[in-house]
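test case, fold it:
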Amino acid sequence: MKYHQIDRNLFIKNRAKFTAQMKPNSVAVFNSNDIYPISADSTLPFAQHRDIFYLSGVDQEESVLLLFPDAPYEHQREMLFLRETNEHIAIWEGEKLTKEHAFEVSGIKTVYWLTDFHKILNEMMTYADTMYINTNEHYRAAVETETREDRFVKWWKAKYPAHQVAKSNPILQRLRSVKETEEIALIQHACNITEKGLRRLLPFVKPGVAEYEIEAELIHEFIRNRSKGFAYTPIIASGNNANVLHYIENNQICQAGDLILLDVAAEYANYSSDLSRTIPVSGRYTQRQKDVYNAVLRVKNEATKMLVPGTLWKQYHIEVGKLMTSELLGLGLLDKADVQNENPDWPAYKKYFMHGTSHHLGLDTHDYGLLHEPMKANMVFTVEPGIYLPAEGFGIRLEDNVVVQEKGEPLNLMANIPIEADEIENLMNA
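Numbers count the residues shown, from 1 in each chain. As a prediction, this is how the structure comes out:
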């Protein structure tokens, strides 16, 4: 991996938190992701399943974690199963984890080769009453591909029909949404890499540059700072492209006078950052562009202050809607009649700001978190309001990543990344 090895104590703590919530006499199993084929012998780059990474630090395909805190023997309470490495594999694919290195990464002392998994699992099931299966229950999940985890669950249910079934996901949703100090530091590192990318980019942009050239500048800076690259598919949307919320073609030429909506950020050690900035192609905003820009910035700044312990996600978005409505009235985009006659299920402001303001951030860009439960300290959220104006040929979104604090306003992990319109202009014209 490109990133520096993470202190294994993080994963030891994560496992302790998870096993503390397991039912008595129960087993939990977590699988690595598959390597997904394209065609012929081509595959997509491997990306680890975030749950096994969260609990073990293992960042390798064909790996399995088994947790059994009430196992009769201590060495059976945490077990890793890895694909057996050898000299041939090392030559053709690079070195894989040895048993010794797996312990250094994870803090798990009992490491077997994967060929022993079914035999050992069968022994564990004779001791256990309950099996925790790991299903994907994220509120945005819409997965059609059968994953390695899915195949295991199907096989396990057929093999052991008499055991009780429990779910890992509700436990992980709560645990992963509240970050340890080490995790916040990793997200901060991803944000710092993102900052380097943006600062590299600002003096580079000028009329006639292509969106894909901007993408190339960013990926260069991210990788040279030990990131695998973008935390998510980058959005580099010039002109009216900004009004397509998930524009990812990035193939147009940036025209003088237009704005570029950038929704681009680096990952680091599988942790995501998530940045949006909107910059002027010609290095200066028009007065109208600046007025809309500053309206979005005010909403972002005021919304951020609401991210405190006890806040409910749904009510938070209602309050942000009120802020945005006020700004849209000030910009002349709405009038009082629009607001008085609005549909409560689709308020008037949604014509110009149709997406949510915040989501959890962490190992996934849209990270785990139960939205019906109150916010807690050390949760990490994005704050990303926007105003989209197809009739005027531009859209503006601004986004930072913040950590909820026990008291006071959230900690902005992107506080050093330029966001004020004047600072952006100065950097573009330096």
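
flag the shaky bits of this structure, pLDDT-wise.
Residues of the chain meeting the criterion pLDDT under 70: 87-88, 90-91, 94.

nearest residue to the middle of it?
In the chain, the C-alpha nearest the mean C-alpha coordinate belongs to residue 365, at 1.5 Å (C-alpha atoms, centre = their mean).

wait, doesn't that one sit right on residue 271?
No - contact criterion C-beta atoms under 8 Å: residue 365 and residue 271 do not qualify, at 9.9 Å. Just so you know, the C-beta spots here come from the backbone N, C-alpha and C atoms, and that holds for glycine as well.

who's in contact with the residue nearest to the centre of the chain?
Applying C-beta atoms under 8 Å, 6 or more residues apart in numbering, we find residue 365 in contact with 231-232, 272, 274.

out of the residues you listed, the closest to residue 310 would be?
Distance to residue 310 across the contacts of residue 365 (C-beta to C-beta) is lowest for residue 274, with 23.8 Å.

contacting residues for that closest one?
If you count contacts by C-beta under 8 Å, 6+ apart, then residue 274 has 231-232, 263, 265, 361, 365, 382, 384, 399, 401 around it.

just residue 276 next, same as before
Neighbours of residue 276 in contact, by C-beta under 8 Å, 6+ apart: 261-263, 384, 386, 397-399.

what's the closest non-adjacent residue to it?
Distances taken as C-beta to C-beta, 6 or more residues apart in numbering place residue 399 nearest to residue 276, at 3.4 Å, with adjacent residues excluded.

do the same with residue 409
residue 305 (5.4 Å).

that neighbour and residue 324: what is the separation?
15 Å (C-beta to C-beta, to the nearest Å).

those two: which is more packed in?
Comparing residue 305 with residue 324 by other C-beta atoms under 10 Å, the one with more neighbours is residue 324, at 27 against 12.

what about the helices in the protein?
Using DSSP state H, the helices of the chain run over 9-19, 50-56, 87-93, 99-106, 117-127, 148-159, 169-177, 181-201, 211-223, 287-305, 313-330, 336-340, 421-428.

need the winner for burial among these.
Highest mean neighbour count of the helices of the chain: helix 50-56, a mean of 24 (counted as mean count of other C-beta atoms under 10 Å).

just to revisit the earlier point, tabulate the contacts of residue 274 (TSV), appending distance to residue 240.
Supplementary listing: the contacts of residue 274 in TSV, determined by distance: C-beta to C-beta, whole Å:
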residue	distance to residue 240
231	25
232	22
263	16
265	23
361	28
365	25
382	24
384	20
399	20
401	27
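
tell me the contacts of residue 57?
So residue 57 contacts 6, 8, 10-11, 105-106 (C-beta under 8 Å, 6+ apart).

scratch that, residue 406 is what I was asking about
309, 377.

switch the cut-off to 10 Å
Contact analysis of residue 406 by C-beta atoms under 10 Å, 6 or more residues apart in numbering lists 308-309, 376-378.

neighbour-wise, which of these leads?
Ranking the contacts of residue 406 using other C-beta under 10 Å puts residue 308 first, with 19 neighbours.

is it correct that it is in contact with residue 407?
Yes - counting by C-beta atoms under 10 Å, residue 308 touches residue 407, with 8.2 Å between them.

list the residues that contact both of the two?
In terms of C-beta under 10 Å, 6+ apart, residue 308 and residue 407 are both contacted by the residues residue 377.

so the residue located most distally from the centre of the chain versus residue 271, what's the distance?
Note on the chain: the largest C-alpha distance from the chain mean falls to residue 337, namely 39.3 Å (C-alpha atoms, centre = their mean). From residue 337 over to residue 271 the distance is 46 Å, taken as C-beta to C-beta.

and the contacts of stretch 154-161?
27, 29, 118, 121-122, 125-126, 128, 131, 133, 146, 163, 165.

does the residue nearest to residue 409 touch residue 408 like I think?
Yes - under the criterion of C-beta under 10 Å, residue 305 makes contact with residue 408 at 9.4 Å.

quick one: contacts for the residue lying closest to residue 114 once chain neighbours are set aside?
For residue 114, ignoring the flanking residues on the chain, the nearest one in space by C-beta to C-beta, 6+ apart is residue 81 at 4.8 Å. The contact partners of residue 81, by C-beta under 10 Å, 6+ apart, come to 29, 31-32, 58, 62-66, 102, 110-118, 120-121.

related to what we said a few turns ago, among the contacts of residue 276, which are located in strands?
Among the contacts of residue 276, the members found in strands (DSSP state E) are 261-263, 386, 397.

farthest pair in those?
Within the ones in strands among the contacts of residue 276, 262 and 386 form the most distant pair, 12.2 Å apart (C-beta to C-beta).

common neighbours of the two, please.
Both residue 262 and residue 386 are contacted by 242, 276, 278, 397, 399, under the criterion C-beta under 10 Å, 6+ apart.
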